[in-house]
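Visitor: no sequence for this one, just the structure:
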């Protein structure tokens, strides 16, 4: 793509995209001549704009003398933003202050991350939290609670901490539950929960040596994971859509909100680039037609080298890409640090 453009066309195209992102108004030759030090006349700029339109980098709205970037033009611009610039000192303080003030537990972290990204980028934020069943088992322990109940605590390497109150079967003691936990921990330590085999269960049963206690162990594991086998999608900033000129049309807002309610569509977007690092998908590069007027910046987060989930910024193709990319890149690294801090 870059081979199609000489230095002058590249400079003009960059200026058009930059100005349109800031103003949301089609950009004409007089604006470029006045605001940017291009060193050429408005007439020459007009000729270059016509060439850029012919090459597919710009579009010409019928009601305006100016031009706007096409998806191809935005792609040129985004590629020029790599590598991603670091966050500013103000942004860094804001991000760390947000986490310090609002996050104490893992479930809070994912929710507040969505809110933080939306608040800073002024776009919709998406956070796909990992599946508990895809995390590796770390520890099962029991805490006494009265004479006939215990609290089961299940922890995974992804930071999940699940607590459940469990009734002790008649004739069982707290020592039996401690023995149960020791057997489960020995056999399952480090194993991905969705990959536990029948052989693993047989070993646990043999180590416990009591069929009733083994059955209770399986019940406890099921209870601890109940409702946590599906990925959870957190959204932040859907009201931010209304602040964009592109969404002044309420029918368009309604269509976008309905699309965001389709978790299957949203998750497909986030899964498409899982594990690829920081990616930007622009307009019709999105597989679903519901998002052909939007761009999505995504980043996958890891713990101890294992892919856990995805965070993203979703907004109009006229989004402030540089800001969205650096915020997402920095929050992604910060999220990994927070998972480590909260899981221990």
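Guide: Nice, I can see it. Predicted model only: the values in this text are computed from it and were never measured.

Visitor: Below-threshold pLDDT in the stretch 151-300 of the chain: ranges please.
Guide: 157-163, 194, 223-230 (pLDDT under 70).

Visitor: Look up phi and psi at residue 125.
Guide: Dihedral pair for residue 125: phi -110, psi 140, per degrees, to the nearest 10.

Visitor: likewise residue 314?
Guide: phi -120, psi 130.

Visitor: Likewise for the one 4 residues further on?
Guide: Main-chain torsions, residue 318, degrees, to the nearest 10: phi -90, psi 30.

Visitor: who touches it in this structure?
Guide: Shown in contact with residue 318 (CB atoms under 8 Å, 6 or more residues apart in numbering): 20-21, 24, 69, 244, 246. Heads up, the C-betas are built off the backbone N, CA and C, glycines and all.

Visitor: how does it look with 6 Å?
Guide: residue 21 (CB atoms under 6 Å, 6 or more residues apart in numbering).

Visitor: Roughly how far does it sit from residue 5?
Guide: Per CB to CB, to the nearest Å, residue 318 is found 21 Å from residue 5.

Visitor: Repeat that for residue 284.
Guide: With CB to CB as the criterion, residue 284 and residue 5 are 21 Å apart.

Visitor: next one: residue 192
Guide: Noted for residue 192: a distance of 48 Å to residue 5, by CB to CB.

Visitor: Which one's more surrounded, residue 284 and residue 5?
Guide: residue 5 (19 against 13; other CB atoms under 10 Å).

Visitor: Now do the more buried one, the pLDDT please.
Guide: Confidence at residue 5, expressed as pLDDT, is 89.

Visitor: how far away is it from residue 11?
Guide: 9 Å.

Visitor: which residues of the protein fall in strands?
Guide: 58-59, 68-69, 124-129, 137-145, 149-156, 161-167, 232-236, 279-282, 294-303, 306-316 (DSSP state E).

Visitor: Mind giving me the packing neighbours of the last one?
Guide: Looking back up the chat, that one is strand 306-316. Under the contact criterion of 3 or more CB pairs under 6 Å, 6 or more residues apart in numbering; DSSP states H and E, strand 306-316 touches strand 124-129, strand 294-303.

Visitor: and these, which is most packed in?
Guide: Greatest average neighbour count among the helices and strands packed on strand 306-316 goes to strand 124-129 (a mean of 26), per mean count of other CB atoms under 10 Å.

Visitor: Would you tell me which of the helices and strands packed on strand 306-316 gets closest to residue 47?
Guide: strand 294-303 (29.2 Å; CB to CB).

Visitor: helices or strands up against the closest one?
Guide: Short answer (3+ CB pairs under 6 Å, 6+ apart): strand 294-303 packs on strand 279-282, strand 306-316, helix 321-343.

Visitor: With mean neighbour count and distance to residue 125 as added columns, please give those in a markdown table.
Guide: Below are the helices and strands packed on strand 294-303 laid out as a markdown table (neighbours: other CB atoms under 10 Å; distance: least, CB to CB, whole Å):
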| stretch | mean neighbour count | distance to residue 125 |
| --- | --- | --- |
| strand 279-282 | 22 | 15 |
| strand 306-316 | 23 | 6 |
| helix 321-343 | 19 | 9 |
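
Visitor: Including distance to residue 118, could these go into CSV?
Guide: Converted to CSV, the helices and strands packed on strand 294-303 look like this (distance: least, CB to CB, whole Å):
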stretch, distance to residue 118
strand 279-282, 18
strand 306-316, 8
helix 321-343, 10
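
Visitor: Any idea what residue 141 is bridged to?
Guide: In this entry, residue 141 is beta-bridged to residue 153, by DSSP bridges.

Visitor: residues near it, how many?
Guide: What residue 141 shows, counting by other CB under 10 Å, is a neighbour count of 16.

Visitor: quick one, which of the strands of the chain is nearest to residue 196?
Guide: strand 137-145 (7.9 Å).

Visitor: same for the closest one, what does it pack against?
Guide: On a contact count with 3+ CB pairs under 6 Å, 6+ apart, strand 137-145 meets strand 149-156, helix 174-188.

Visitor: Can you show me the helices along the stretch 1-150 of the chain?
Guide: 7-23, 29-35, 42-54, 71-79, 89-102, 106-121 (DSSP state H, counting those that start in this stretch).

Visitor: Columns distance to residue 183 and mean neighbour count on top of these, output as TSV?
Guide: As requested, the helices of the stretch 1-150 of the chain are exported to TSV (distance: least, CB to CB, whole Å; neighbours: other CB atoms under 10 Å):
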stretch	distance to residue 183	mean neighbour count
helix 7-23	59	18
helix 29-35	72	17
helix 42-54	69	17
helix 71-79	53	20
helix 89-102	38	13
helix 106-121	27	21
